[in-house]
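[1] fold the following for me, if possible:
(one chain, ligands or ions: 1)
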Amino acid sequence: MDLNTILHAFTPSLISVAMLLAFFTYLAIFGSILPGRIIPGATLSDGTRLHYRCNGLLLLVLLVILLGIGVRMDLVSATAIADRGLELLSTTLIFSVIVTLLLYVASYRSCDRSSSLKPHLTGNLIHDWWFGIQLNPQFMGIDLKFYFVRAGMMGWLLINLSVFAKCIQESNLSQSIILYQLFCLLYILDYFFYEEYMTSTWDIIAERLGFMLVFGDLVWIPFTFSIQGWWLLRNKVELTTAAVIANCLVFLIGYLVFRGANKQKHVFKKNPKALIWGRPPKVIGGKLLASGYWGIARHSNYLGDLLLALSFSLPCGISSPVPYFYPMYLFILLIWRERRDEARCAQKYKDVWAEYRKLVPWRILPYVY
Ligand code: NDP
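    A predicted model of the protein is given here:
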């Protein structure tokens, strides 16, 4: 491929802008009107709480049904995303830059007004744009942080479905493609089934909304988590039955640990007396859960996520490192994040955290790390 062809592939067209705007508009309108459980978020520094409408699963299923109808009626092409992958990537990147610059200006202005939630402004333009100024910026009643992460996870599925349609169109279906697609589909559906658990995660409770987070949600999640799907479109992998079984086991164990740990913490936060694995929970200082997965390692949920990430790449075999981009990235991210979360919790919980560390010495993987 020459430079001109590459540049052309990345150049946003009006169609990719329209596709992106249609997607964001759908999420904004239907996300605000479709029914869903209203979940209170963490208590903010001024004592108030945001409320999140958790209707992501319904929103996603309806979107896929509408697109399916559109495909059947020849109004949209099932391979539209797969055919325009690179230009959609650059369009989304440009959108992220514009939106975070607008966010920067709006947040900068709001700092003048007296706000009990104290936006975080350092005065360094690059720093404030990159890390964000406000914790929970809202636009027309929509919590932007919750909205963007939702868009990213749904975008990932839409890309996968379109790449899958392309595989069918090219008569290129294989066991590896089906495994990859199935694992991601289950992971994303599960994410939206338990969408309310997102309201107690680090991103939602602790990260300010700047370019780093918006880029991560809108560009990084959908376009890099789907690399395996794109790779399988051009590379054939034959899996043995033993490899398929081993791959399914990695997915299953990863899922049980990931979902189990996140669920236990969420349930504990809501009701500190709720049973964990059928027994009363071990609680430190009335605040920290030290039984179940949280008694095995201080972040077993990260271990589960890493196993899941690995299971998404194993269908691609081991001939190339490219499909292993996601687990490698996640490994680095979660090691870094665990360190940041550890520092945050040590500062927040002080002696209680020190006691927890003593009782549960392992960070992510018992006897290893
Ligand atoms: P956690 O869900 O682990 O949340 C950390 C917070 O939980 C802490 O700050 C603290 O908050 C609370 N906490 C920690 N230990 C305990 C305890 N023992 N008892 C009670 N509360 C505790 O982290 P993340 O938000 O980073 O991750 C959530 C999920 O998202 C994970 O499964 C992770 O793997 C996944 N993830 C996936 C990514 C991806 O790219 N695929 C990226 C990032 C995360 P508090 O102050 O409220 O007590």
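
[2] show me what from the protein comes close to the ligand.
    The interface of the chain toward the ligand, taken as C-beta under 6 Å from any ligand atom, is made up of 201-203, 205, 258, 262, 265, 268, 288-289, 294, 299, 301-302, 305, 330, 333-334, 337, 341, 344-345, 348. Placement of C-beta: from N, CA and C, glycine included.

[3] what's in contact with stretch 5-24?
    The list of residues contacting stretch 5-24 from outside it, by C-beta atoms under 8 Å, 6 or more residues apart in numbering, reads 80-81, 84, 86-92, 94-95, 151, 154-155, 158.

[4] now list the buried members of the residues of the chain next to the ligand.
    If you count burial by 16 or more other C-beta atoms under 10 Å, the buried members of these come out as 201, 203, 258, 262, 265, 268, 288-289, 294, 299, 301-302, 305, 330, 334, 341, 345.

[5] can you pull the contacts of Gly70?
    Remark: with contacts taken as C-beta under 8 Å, 6+ apart, Gly70 is in contact with Val76.

[6] and it, how far is that from Leu314?
    For Gly70, the distance to Leu314 equals 33 Å [C-beta to C-beta, to the nearest Å].

[7] rewinding a little: tell me which of the residues of the chain next to the ligand fall in strands.
    In strands, defined here by DSSP state E, the members of these are Leu288, Leu289.

[8] hey, where'd the strands end up in the stretch 1-150 of the chain?
    Using DSSP state E, counting those that start in this stretch, the strands assigned to the stretch 1-150 of the chain run over residues 37-43, 49-54, 138-139, 142-143.

[9] what mean pLDDT does stretch 151-160 have?
    If you average the pLDDT over stretch 151-160, you get 97.

[10] name the residues that touch it?
    Residues outside stretch 151-160 that contact it (C-beta under 8 Å, 6+ apart): 23-24, 27, 56, 59-60, 63-64, 67, 81-82, 85, 92, 181, 184-185, 188, 191-192, 216-218, 220-223, 225-226, 229.

[11] list buried residues within those.
    In the contacts of stretch 151-160, burial by neighbour count holds for 23-24, 27, 56, 59-60, 63, 67, 81-82, 85, 92, 181, 184, 188, 191-192, 216-218, 220-223, 225-226, 229, counting by 16+ other C-beta under 10 Å.

[12] in space, what's closest to Ala297 - neighbours in sequence excluded?
    By the measure of C-beta to C-beta, 6 or more residues apart in numbering, the closest residue to Ala297 outside its immediate chain neighbours is Trp362, 4.2 Å from it.

[13] and the gap between the one you found and Gln347?
    As defined by C-beta to C-beta, Trp362 lies at a distance of 21 Å from Gln347.

[14] neighbour-wise, which of these two wins?
    Under the criterion of other C-beta atoms under 10 Å, the comparison of Trp362 against Gln347 puts Trp362 first, with 16 against 9.

[15] pretty sure the more buried one belongs to a helix, no?
    No. Trp362 is assigned coil when assessed by DSSP: H, G, I helix; E, B strand; the rest coil, not a helix.

[16] confidence score at it?
    Looking at Trp362, its pLDDT is 93.

[17] and Ile178, what helix or strand is that in?
    Counting by DSSP states H and E, the element that carries Ile178 is helix 175-193.

[18] packing partners for the biggest helix by length in the chain?
    If you go by DSSP state H, the chain has its longest helix at helix 241-270. With contacts defined as 3 or more C-beta pairs under 8 Å, 6 or more residues apart in numbering; DSSP states H and E, helix 241-270 has these neighbours: helix 175-193, strand 288-289, helix 300-313.

[19] least reliable of these by average pLDDT, please.
    Within the helices and strands packed on helix 241-270, the least confident segment by mean pLDDT turns out to be strand 288-289, at a mean of 92.

[20] residues contacting His299?
    For His299, the contacting residues are Leu334, Glu338, Asp341, Arg363, Ile364, taking C-beta under 8 Å, 6+ apart as the criterion.

[21] picking up where we left off before, closest to Val244 out of the helices and strands packed on helix 241-270?
    Evaluated over the helices and strands packed on helix 241-270, closeness to Val244 peaks at helix 175-193, with 6.3 Å, by C-beta to C-beta.

[22] now for the closest one, which elements pack on it?
    Short answer (3+ C-beta pairs under 8 Å, 6+ apart): helix 175-193 packs on helix 56-72, helix 144-169, helix 227-234, helix 241-270, helix 300-313.

[23] how big is the angle separating it from helix 241-270?
    Calculated by axes from the mean of the first three to the mean of the last three C-alpha atoms, to 10 degrees, helix 175-193 forms an angle of 10 degrees with helix 241-270.

[24] what's helix 175-193 in contact with?
    Defining contact as C-beta under 8 Å, 6+ apart, one finds that helix 175-193 is touched by 56-57, 59-60, 153-154, 156-157, 160, 164, 167, 198, 225-226, 228-229, 232, 237-239, 244, 247-248, 251, 255, 259, 308, 311-312, 315-317.

[25] of the residues you listed, buried ones?
    Buried members of the contacts of helix 175-193, counted by 16+ other C-beta under 10 Å: 56-57, 59-60, 153-154, 156-157, 160, 164, 167, 198, 225-226, 228-229, 232, 237, 239, 244, 247, 251, 255, 259, 308, 311-312, 315-317.
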